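Undergrad: Show me the folded form of this:
(2 chains)
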Amino acid sequence: MKGFRILVVVAAFSCFFPLGGWAAAVPQAPPIPVGLDADMSSGSARSGEAIRRGIVLAMADINARGGVLGRPLALVVRDNRGNPARGLDNIEAFAEMKDLVAVVGGLHTPVAMAELAIIHQNRILYLDPWAAGTAVVENGYSPNYVFRVSVRDEYAGAFLVEKALLRGHEKIALLLEQTAWGRSNERSMTAALEAGGRKPATVQWFHWGVRDLSRQIRAAADAGADVVILVANAPEGVVAVKAMAALPRERRLPMISHWGITGGNFFKEAGPSLEETDLVFLQTYSFLSPPFPEKARAVFEAYRLKFPECTSVPEIMAPAGTAHAWDLIQLLALAIEKAGAIDRPSVRNALEHLDVYSGLVRVYRPPFTPDRHDALNREDFRLARYGRKGAIVPLSAIPGKDSP
Amino acid sequence: MNEASRILPHILKRVLPLTAAALLLTWMGMRIIVADTLRREIHDRVAHETIHWAQMVSARLNGIMTSLKNLAGNDLMINALIDTTGRENYLPLFFQSLRIPGAETPCIVLADYRGRTLAANQEDTPGYMNVPWLGAVMAGESFFKVSPEGLEAAVPVLYHGLGEGLVAVAYGPDQVSELLSISAPGMAFAVFDNRGDRLFASPGTPWKTGVPDSGAPSEGWVEATRKIPGFDNLTLVCGEPAASAFRSLRRLDIFFLAVMGLGLTALIAAVYLAVRMVTKPLSGFAAHMDRIATHGQLEGRVSESGPSEFQKLGRSFNRLMEDLTISNAKLQESEAMARAILNASPAAIVLLDREGVVLDCNDTYPARFGITRDALLGSVLWDSFPKDNLERRRMEVNGVFLSGKLFKGEDKLLEQWVDYHIAPVLVDRNLQVRSVVVEALDITDRKRSEQRLRVADELRAMEAGRAQAAGHVLHNIGNAITPAGIYTEEMLAENRNQTLAYLEKSYDDLLDHRDDLQAYVNRDERGKRVFDYMKSLIASLKQERDRRRDALNQMKRAIERILEMLNLQQAYVETTAEKRRVADGNGKPDAPNPHG
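TA: Model prediction:
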């Protein structure tokens, strides 16, 4: 709890005094709190931190421009460690927070799925910069308070299957975590395969915390699969890669992974095993090949100033999370301005009716509609791999490695 | 009752208490050592049992904790914390099939990080939301608590090293007792918590509440306490009834008592046999000796049977007896001769001690006083001594006792003249005279003769030649007798042989009759026997010759010379017998007077 308080204070301080040059422009009105409910300390802590950085930078940008409705935005961070129970408690805590306008979620679909009921019960705007579960947005609630600038599994599954096939793989094995997120991908990928008249070579499940995936990897190989599509977060992704690397070279299968692995310290923990496997994974945004370089450069400059330990673009951790969070906070600010109030239903309605917005990730035309709360689609997806020093490099940025 | 049976109680009285005490001390020492060793072994055994069962209880409890940790570490549990939408499909079924070692059907719960139950194997589950240890468990620690109310244990479900939930197990009081149940034949067990509450007790357990103080064990029990390894708040008490534990010690006591009894019995038997073996020949030996001593049967002999030592002893004794018999015979013979000499003396001879008690006397002395010798022996001489001469004679006797020198005197006693001398005899090592011999010779006749001699001067002249010859003879006799007297005195002083005294007496007789030796050796019955006495004396002296060869030889030569003189005098007397009868006047024979 103490660590949490410190995190909140630091986050709020960062929002109020993000940069020396902006300090004079910070309004004196009470801030409008925006919550962050993400894994800040567990296996996918890097995703939480990437999101937080995107929010901080966006808020700093907004606050530098006078805030919203004359009030600055302030970030309140609560760590859910990827644990739905913690997420629920966080949402309950945020629900009681005065003037809270929205909560930004984290990487974990299961957490988001568990929170849906209380989110809608308390009519909390839930801005999703990462969790890809289709059901997070297509949750059945109306009005739907969930808005996402991230991957949607429905699209991701089809995208990954398509990329696998384009890469010449015929038999696709699915290695999925036994959660709502895994099941979401199982459905989308199976559907994608079935659309092409195919079936998965095998579907292997694993649990969070699994320490060995050799059996599942061997099962995939034994099933005649020539590629494995992995849906896992960083801790289990490391176990999968190590299990694959442990196979004889001739039996190793290329792996195409969902982007959950980039939310943690995957590169470091996978170590040499990463070099022994052919691993590519889904990404939406990279500062190395941004759609809008000027904007990206400006954000990076702010990033570098705010987080001076980062000295170059490749060092930006989980850049998609940061970019998604940036855009979401910008859209939230626009919605507040549009609503002219901070009551969440008004802001929710405003979000559904925003105009075209040119964000960091893409130009949103518009970002959301009453029927569409996912701002991204397959066009925003790309494959990437880890560079030598752990940088996430889009294949399009690698000569000769462009898609597929 | 034979001798052995008579002696045995005495020997046993002396031997048995000491031996029994030694045996008892040995037994006590052995018992103390063995009992101490046994007691230590018993305590060690109970302690080892306690350790063993404590480890077993620890293993059971650790088994629970291990099962919990395994369960919590199972990725299904981790996944169940995350997979909120899918876990209902598999988690209830999984939990219903869960079993944890130990008691049957404990309550097993999967709870989230705030203790809210997510899944359980029972409908009624304890809540963990407000338990004080939740924070510690979420920080990664395990929780274990057992109390009379039950057992609770919880371990965190860790993901990425962080506590995201917990798996807990709860046992009811009965299940705790079942879980801690220990049984071993003859032993009692109890498990206490650190508050002293009893969690489990086997049947017959004496410990009700509180861990027994190891320094003050329960009465009648051998017990040990031991912390349950890994569960320091639990203490196992293990004990065995002392009556059961120390049964072997009691057996040992019985064994030792039996050994001691047998030892004593064997000792008594051994003593009896030894006594019998020793006393039988010894009692025979003693009986023989007693018979010999009682009846003075010097010819009696002891048995030379039995053990070799007794045979040797018997032989040695019999040899001594033979020597004694011979010596006694010789002594009797010697005494008879000496007594005969003494009694033959005309002088009254008495042997006195310092008090004047008559130690011995010859027959002449009592005859002079008209009493028997037996009446005189042992009496005080001075009681019957004539009053007129008593004090003077007593002083003279005492003087000899003091001076140790011969005293000679002449006195008129009971109208008779006596020539007496008092000689010290029996001088002890300190040169103290122990007894004296008083010898008194009646010289009344001599005195009368002296009177007559004065009357018949002229006859004396006629007899001058004869007198000169007699003087010459007497001179020679004196020359011969003087050394004999010296030697006799020495012998008397040394009291080596009464014969010397008799010799002295003979010398005195002759000296007394030096004036009438002719008549004495020819007519006096006593004088006639002088030759026989001398011969006997010579024979006796031969016996002493070995030791006093030189003295006796000289004595012999002196006596032989005296004999020659006497023979000469006897030959001479035959030619002058008529003249002497004239000189005597009254014509009476000149017989020796025993009351001299």
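Undergrad: Can you get me a residue count around residue B:145?
TA: By the other CB atoms under 10 Å in any protein chain shown criterion, the neighbourhood of residue B:145 contains 15 residues. Heads up, the C-betas are built off the backbone N, CA and C, glycines and all.
Undergrad: cool, and the one 3 residues further on?
TA: Each residue near residue B:148 was counted by other CB under 10 Å, and the total is 14.
Undergrad: quick one: residue B:340 and chain A, what's the gap?
TA: 142 Å (CB to the nearest CB, to the nearest Å).
Undergrad: What values do phi and psi take at that residue?
TA: Reported as degrees, to the nearest 10, the phi and psi values for residue B:340 are phi -60, psi -40.
Undergrad: for chain B, what are the nearby residues on chain A?
TA: Counting by CB under 8 Å from any CB of the partner chain, the residues of chain A lying close to chain B are A:41-43, A:81-86, A:89, A:108, A:110-111, A:113-114, A:177-180, A:183, A:206-211, A:235.
Undergrad: Tell me if stretch B:58-76 is near chain A.
TA: Yes: using CB under 8 Å from any CB, stretch B:58-76 reaches chain A at B:73, B:75, B:76.
Undergrad: Just send those residues back as a markdown table, with distance to residue B:142 too.
TA: Conversion of the residues of stretch B:58-76 next to chain A to a markdown table gives the following (distance: CB to CB, whole Å):
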| residue | distance to residue B:142 |
| --- | --- |
| B:73 | 12 |
| B:75 | 19 |
| B:76 | 20 |
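Undergrad: Filter the residues you listed down to the ones in helices?
TA: Filtering these for membership in helices, criterion DSSP state H, returns B:73, B:75, B:76.
Undergrad: which stretches of the stretch 51-200 of chain B aren't confidently modelled?
TA: B:102-103 (pLDDT under 70).
Undergrad: low-scoring stretches of chain A, by residue?
TA: Residues of chain A meeting the criterion pLDDT under 70: A:1-27, A:398-404.
Undergrad: center of it, which residue is that?
TA: Centre of chain A computed as the mean C-alpha position; nearest residue by CA atoms, centre = their mean is residue A:130, 2.1 Å away.
Undergrad: That one contacts residue A:52, doesn't it?
TA: No: counting by CB atoms under 8 Å, residue A:130 sits too far from residue A:52 to count as a contact (11.7 Å).
Undergrad: shared neighbours of the two, anything?
TA: Between them, residue A:130 and residue A:52 share the neighbouring residues residue A:38, with contact defined by CB atoms under 8 Å, 6 or more residues apart in numbering or on different chains.
Undergrad: Just the element for the residue of chain B most remote from its centre, please.
TA: Among the C-alpha atoms of chain B, the one farthest from their average position, using CA atoms, centre = their mean, is that of residue B:85, at 106.4 Å. Using DSSP states H and E, residue B:85 maps to neither a helix nor a strand.
Undergrad: So what does it have for phi and psi?
TA: Reported as degrees, to the nearest 10, the phi and psi values for residue B:85 are phi -90, psi -20.
Undergrad: so what's it closest to, chain neighbours aside?
TA: Ranked by CB to CB, 6 or more residues apart in numbering or on different chains and with sequence neighbours excluded, the top spatial neighbour of residue B:85 is residue A:180, at 4.6 Å.
Undergrad: Thanks again, I'm all set now.
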